[in-house]
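*Asks:* Predicted model and sequence follow; I will ask about them next.
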Protein chains: 2
Amino acid sequence: MTLHKSTACDADHCPIRDVLGHIGDRWTVLVLKALEPGTLRFGEIRHVIEDVSQRMLAQTLRRLEQDGLVSRRVHPSIPPRVDYTLTDLGRSLMEPIGAMVDWAVTHHEDVRAARAAWVPPPSHTAL
Amino acid sequence: MTLHKSTACDADHCPIRDVLGHIGDRWTVLVLKALEPGTLRFGEIRHVIEDVSQRMLAQTLRRLEQDGLVSRRVHPSIPPRVDYTLTDLGRSLMEPIGAMVDWAVTHHEDVRAARAAWVPPPSHTAL
DNA sequence: CAGGATCCACCAGGATACTG
DNA sequence: CAGTATCCTGGTGGATCCTG
């Protein structure tokens, strides 16, 4: 069981956890957004994101390709050239992601304000 | 640096990572969705989600409260009664989250199909 | 240039026990 | 009932080195 019953998620094949687990990890969304404007090479993505290690980038791209969200194309040249493009499925995902990002940008200040106003409950908070 | 320049995220205060980091963790979305229909007590949330430990639930609720997404109300009774409700901010977040969940449900099969069709690239993939 | 392989540090998160 | 405190483990992700 991975999600409560009320959300049509009854066992191991839970779409929410499956997808959210991906978009939740450190790099997936950033990579997706990097590719949104158009095709990029491996190195170009690294340049755009800057603080991603090649290990994590390669790993993230692999999974995105595996999930059919990104297509990978190898040009048999020396030095090698590999570029990545969003698939239709990938592009369709950008909408909900965009909504999330928009929310984040719009309400970030509210969240930060709420955090600033935070007072830790004394455990035995009464009334 | 947490996100690439092209997304108006220039240093430590990156809304995307800040918010996505939250929704990405194991329980936040589930708790949020649990509270969507209405106010619930601590134990009720546990009952709904089932496989969350009280530690993780308490922790998740704390952060949600801290971020102003959930309000916590303590009734000074014995046994103690504490209930949680989405704030307006929290409710406003449910839209983008709903969009993500909808996408997940709709395209989950595509993703699973893509995974099934997966062939690992031979490293020295040439053409 | 694109990435695989390896080693390692950190922490999210589970189990358990205790408290108001 | 609604937590907090402590201990412990597995996986995520960073650094580094190596290859086609």
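*Replies:* Great, that's in hand. Numbers count the residues shown, from 1 in each chain, chains lettered A, B, ... in the order given.

*Asks:* Send me stretch A:76-91 as CSV with only the CA atoms.
*Replies:* These are the backbone C-alpha positions of stretch A:76-91, laid out as CSV (Å, rounded to 0.1, in the frame of the first residue of the first chain):
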residue,chain,number,x,y,z
PRO,A,76,28.5,8.8,-34.4
SER,A,77,31.2,11.4,-34.6
ILE,A,78,34.4,12.1,-32.8
PRO,A,79,34.1,13.6,-30.3
PRO,A,80,30.8,12.0,-29.7
ARG,A,81,27.7,14.1,-29.7
VAL,A,82,24.5,13.1,-27.9
ASP,A,83,21.5,15.2,-27.7
TYR,A,84,18.3,15.0,-25.8
THR,A,85,14.8,16.2,-26.7
LEU,A,86,11.4,16.1,-24.9
THR,A,87,9.1,13.5,-26.4
ASP,A,88,5.4,14.3,-26.8
LEU,A,89,4.8,12.6,-23.5
GLY,A,90,7.5,14.7,-21.9
ARG,A,91,6.0,17.8,-23.3
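
*Asks:* and it, anywhere near DNA strand D?
*Replies:* Yes: with CB under 7 Å from any atom of the strand as the measure, stretch A:76-91 is seen reaching DNA strand D through A:Pro79, A:Pro80. Using the backbone N, CA and C atoms, a C-beta is placed for each residue, glycine as well.

*Asks:* Quick one: mean pLDDT over that stretch.
*Replies:* Along stretch A:76-91, the predicted confidence averages to a pLDDT of 95.

*Asks:* what about that stretch, near DNA strand C?
*Replies:* Yes: counting by CB under 7 Å from any atom of the strand, contacts between stretch A:76-91 and DNA strand C involve A:Pro79, A:Pro80, A:Arg81, A:Val82.

*Asks:* Could you check which residue of chain A lies nearest chain B?
*Replies:* When scored by CB to the nearest CB, chain A has A:Gly24 as its residue closest to chain B, at 2.3 Å.

*Asks:* Please identify the nearest residue in space to that residue, excluding sequence neighbours.
*Replies:* The shortest distance from A:Gly24 to any non-neighbouring residue, by CB to CB, 6 or more residues apart in numbering or on different chains, is to B:Gly24 (2.3 Å).

*Asks:* if I read this right, the one you found contacts A:Val19, doesn't it?
*Replies:* No: contact between B:Gly24 and A:Val19 fails when scored by CB atoms under 8 Å: they sit 11.0 Å apart.
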